[in-house]
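Enquirer: predicted model and sequence follow; I will ask about them next.
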Amino acid sequence: MTPAERTEERLLVALTIGLVIGICALDLALPAEASIVALYVIPILLSLLSAEPWFALAITIISLSLATMGFLPLSSDGPLGWVAPTNRALALATVTAVSCLALFYRRLAEVEKTALARQREHAVSCIKVLRGLLPICSSCKNIRDDDGCWTYLETYLEARSDARFTHSLCPECQQKLDDSLLTRTGEKHGEPLLTR
């Protein structure tokens, strides 16, 4: 982590913890009927931006614990005494659902990141690249390696890449070979050499 990233991470942690404390203070200061438990979703979602996987889980646990503590001062006095506990319970269920989804998303992103890193490592390990200038003989096409030894082109490339060679003749070389064979058979029979 670079110093700038560390500074951003510390700022994110401070901001998230400050939000949790502020929401808790506001929740305790307001009357029980005015439940603001749903605001705990903000620091939970904000904690997902952290590079540390434990931070999101810690903020989630702290937020849910503080939201649950709000049930303690609630009383069911009067005809509408069920409203405040019901509102808090619904808000707590919402925060819990969002928290579970957020943590699931975080875990899924980590799994995908790990899988992509493995695929990248595999791809890099499979790639063999020839780079630089290759000293090659103008006549026989052998290549001089780093030790100064001359090697057949096919051997050199097979050792440094995944290429495999099959051999055949191009039409031009096939014609040259045919001409050469005709010339040699003509010499043996006492016939004049073929000329072009």
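Expert: Received the coordinates, thanks.
Enquirer: show me what the helix or strand containing residue 17 is packed up against.
Expert: Element membership for residue 17, per DSSP states H and E: helix 3-29. Contact here means 3 or more C-beta pairs under 8 Å, 6 or more residues apart in numbering; DSSP states H and E; on that basis helix 3-29 packs against helix 41-47, helix 53-69. Quick note: C-beta positions are derived from backbone N, CA and C, even for glycine.
Enquirer: please, where are all the strands along the protein?
Expert: With DSSP state E as the definition, the chain shows strands at residue ranges 143-144, 150-151.
Enquirer: skip the chain neighbours and tell me the closest residue to residue 143.
Expert: Closest residue to residue 143 apart from its sequence neighbours, by C-beta to C-beta, 6 or more residues apart in numbering: residue 156 at 4.5 Å.
Enquirer: is it true that the one you found touches residue 147?
Expert: No: if you go by C-beta atoms under 8 Å, residue 156 and residue 147 don't touch, sitting 11.9 Å apart.
Enquirer: of these two, who's got more company?
Expert: residue 156 (19 against 6; other C-beta atoms under 10 Å).
Enquirer: who's in contact with the more buried one?
Expert: Going by C-beta atoms under 8 Å, 6 or more residues apart in numbering, residue 156 touches 134, 143, 145.
Enquirer: quick one: contacts for residue 136?
Expert: 142-144, 153.
Enquirer: looking at strand pairing, list the partners for it.
Expert: Under the criterion DSSP bridges, residue 136 forms beta bridges with residue 143.
Enquirer: so what pLDDT did it get?
Expert: With respect to pLDDT, residue 136 scores 88.
Enquirer: do residue 190 as well
Expert: The score at residue 190 is 52. That number is its pLDDT.
Enquirer: got the domain ranges for the chain?
Expert: 3-126, 143-188 (automatic domain parsing).
Enquirer: pull up the distance across stretch 160-176, start to finish.
Expert: Stretch 160-176 has an end-to-end distance of 32 Å (C-alpha to C-alpha, to the nearest Å).
Enquirer: so which bits of that stretch are buried?
Expert: Using 16 or more other C-beta atoms under 10 Å as the burial criterion, none of the residues of stretch 160-176 qualify.
Enquirer: from here on, count from 39
Expert: Sure, I'll start counting at 39 from here, so that last one is stretch 198-214.
Enquirer: avg pLDDT for it?
Expert: pLDDT averaged over stretch 198-214 gives 84.
Enquirer: residues contacting the nearest residue to residue 87 once chain neighbours are set aside?
Expert: Counting by C-beta to C-beta, 6+ apart, residue 87 lies nearest to residue 50, which is 5.9 Å off, once chain neighbours are set aside. Neighbouring residues of residue 50 by C-beta under 8 Å, 6+ apart: 84-85, 87-88.
Enquirer: ok so, going back, buried deepest among the helices and strands packed on helix 41-67, which one?
Expert: Among the helices and strands packed on helix 41-67, judged by mean count of other C-beta atoms under 10 Å, the one packed with the most neighbours on average is helix 79-85 (a mean of 20).
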